[in-house]
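Undergrad: predicted model and sequence follow; I will ask about them next.
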Amino acid sequence: MPPGRESRGAGLVPPRTRRYIGVVPPWTDPTPAAALVARRQRLLAALGDAPALIVAGRPRARNYAANVYPFRAESHFLYLVGRALPRAALLIDRGRSLLFVEPPASDDPLWHGEIPGFDAIRADTGVDDVLSLERLGDVVGARWPEVATLPANDEVTAAWQSRTVGREILARSAAKLDGADAKLADAMIALRLAHDAAALAQMRGAIEVTTLAHQAGARALRPGVREAAVHAAIDGTFLAHGMSPAYGSIVTVNGEVLHNDAHHNVVRDGDLLLVDAGAETAEGWASDVTRVFPASGRFSATQRAIYDVVLAANRAAIAKVAPGVRYRDVHLEAGRTIVRGLRDLGVLRGEVDGLVERGAYTVFFPHGVGHLLGLDVHDMEDLGDRAGYAPGRTRATRFGDAYLRLDRDLAPGMAVTIEPGFYQVPAILRDATYTAAIEGDLDRGALARFGDVRGIRLEDDVLVTAAGAEVLTRAIPIDAAEVEAWMRA
């Protein structure tokens, strides 16, 4: 829900108290042209007189030309233009923003309805001019050696960029950027790391719909249904509010499989259902939330014990989020809390610091605590560690820690996820490569008592503020008792 509508000033309202009877449900309005103009002006200031070409990308056919996958424009284009215009390109040059688009075909009104003309697109986006795409080569041609661009996410778009700027542009080649392209990438990273008010309005709208979707999923859950039924309730809620899944929704009883994309299992009494699902607005702004629901409506004693360990890690990590804090330290705080909790449950023995030093948490928490969030669910990961890691910092080599996607000092305006977890992954637990360092302090008998827990992950979206942190997803219950009550509501 955008700023100015009835509930924004008070923040998100938990869906159990919200009613949409007789009113239009939430729908996120487009980013105003003035906000898009301000973003482009900041990029122009960073680049000086250097020209830059930002492309939207091309639709992909599923099996024949007219049957295409849903088009999702390249994120840097969406950040600066705010509209998903297939095959379009934005040229930033000499203080001006020129948008090149395909003119409407003569039969477009028959197949697609009326298409906005150049004047309407100019007014909607605030660019200085809108020109036919066929003119791009002539306009760019005189500046070929100087025009910076960014790697595309597919080979077809990369080949088109290569022809346009007169040099080879490889798809997914962030690690190989140099010269003007590297300068453009760094300028975009600097702009997108801290979100402006328009971006936050989009993200809050996505989170509001995500809240409704998680509640719909919780209400659809009961022993005897397939995961697919819960999945449908969640993704259907996104669609009903003009949004789409920000990523393939994970709805699974196999919570130990981190990116499980299957939904065929029947949910049994006593199962835990892990739901990792977030909405994405029409402009690409994302949310990313994970909750775990007991199929029976109540956690068993053993499930609750492990759940509370993960919840403590979630809260400890969020408490550490503040300007100037290194995100790697947030990750380590989550790992330390998990180790302490497992030691208190008798699964681990020994002194916490020593267990942490030997990587005890990576056996059960083998991924990073989170990532940047914004226009992509993993914001700017098309630019690789150039975006996620501050200059001079590199990934750890130890298993688990090596998957940390972000190692920057936090600053106001940054949005991150906080998503610690506990997983019993058989391939890890039976492999001495991962367990040898702690085998003497791992009580496998005690661990076996928690056999009804395959995987628990608790993920929130968190905004770094001048005072510390704001949990944007606070309306989605996370305390175990509140989750149980939510399922009964």
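TA: Yes, it's here. Residues are numbered from 1 along each chain as shown.
Undergrad: what about Val310, how many neighbours?
TA: Around Val310 there are 27 other residues, counting by other C-beta atoms under 10 Å. C-beta: built from backbone N, CA, C; applies to glycine.
Undergrad: against Leu80, how distant is it?
TA: Distance, Val310 to Leu80, by C-beta to C-beta, to the nearest Å: 38 Å.
Undergrad: next, give phi and psi for Ser97.
TA: phi -120, psi 120 (degrees, to the nearest 10).
Undergrad: tally of neighbours for it?
TA: Neighbours of Ser97 under the rule other C-beta under 10 Å: 24.
Undergrad: and it, bridged to which residues?
TA: Assessed by DSSP bridges, Ser97 has beta-bridge partners Ile92.
Undergrad: OK, contacts around it?
TA: Val37, Arg40, Leu44, Leu80, Leu90, Leu91, Val127, Asp128 (C-beta atoms under 8 Å, 6 or more residues apart in numbering).
Undergrad: tell me the one of those nearest Pro51?
TA: Closest to Pro51 out of the contacts of Ser97 is Leu91 (6.6 Å), distances taken as C-beta to C-beta.
Undergrad: if we can go back for a sec, tell me which of the contacts of Ser97 fall in strands.
TA: Counted as lying in strands by DSSP state E, out of the contacts of Ser97, are Leu90, Leu91.
Undergrad: TSV for the contacts of Ser97, including distance to Met203, pLDDT and neighbour count?
TA: Listed next are the contacts of Ser97 as TSV, based on distance: C-beta to C-beta, whole Å; pLDDT from 0 to 100; neighbours: other C-beta atoms under 10 Å:
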residue	distance to Met203	pLDDT	neighbour count
Val37	20	98	16
Arg40	20	98	22
Leu44	25	95	19
Leu80	17	98	23
Leu90	22	97	23
Leu91	28	95	24
Val127	24	98	24
Asp128	28	98	13
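Undergrad: Leu348 contacts Arg358, doesn't it?
TA: No - look at Leu348 against Arg358 with C-beta atoms under 8 Å: they stay out of range, at 10.4 Å.
Undergrad: rewinding a little: farthest pair within the contacts of Ser97?
TA: The distance between the two most remote of these (C-beta to C-beta) is 15.3 Å, for Val37 and Leu91.
Undergrad: out of Leu348 and Arg358, which sits in the busier spot?
TA: Comparing Leu348 with Arg358 by other C-beta under 10 Å, the one with more neighbours is Leu348, at 24 against 17.
Undergrad: before we move on, what SS does the residue nearest to the more buried one when sequence neighbours are not counted have?
TA: The shortest distance from Leu348 to any non-neighbouring residue, by C-beta to C-beta, 6 or more residues apart in numbering, is to Leu342 (4.6 Å). Following DSSP: H, G, I helix; E, B strand; the rest coil, Leu342 is assigned to helix.
Undergrad: read off the pLDDT value for Leu342.
TA: At Leu342, the model reports a pLDDT of 98.
Undergrad: can you check the one 10 residues further on too?
TA: At Val352, the predicted lDDT confidence score is 98.
Undergrad: for it, give its distance to Asp441.
TA: Distance, Val352 to Asp441, by C-beta to C-beta: 11 Å.
Undergrad: can I take it that Thr337 is in a helix?
TA: Yes - under three-state DSSP, Thr337 sits within a helix.
Undergrad: if I look at it, how far off is Ala317?
TA: With C-beta to C-beta as the criterion, Thr337 and Ala317 are 8 Å apart.
Undergrad: list residues touching both of these two?
TA: Pro420.
Undergrad: comparing the two, which residue is more hemmed in?
TA: Neighbours per residue, other C-beta under 10 Å: of Thr337 and Ala317, the larger number sits with Ala317, 28 against 24.
Undergrad: now do the one helix or strand that one maps to: which elements does it pack against?
TA: Using DSSP states H and E, Ala317 sits in helix 301-320. Helices and strands touching helix 301-320, by 3 or more C-beta pairs under 8 Å, 6 or more residues apart in numbering; DSSP states H and E, are helix 327-344, strand 415-418, strand 421-423, strand 455-457, strand 460-465, helix 480-488.
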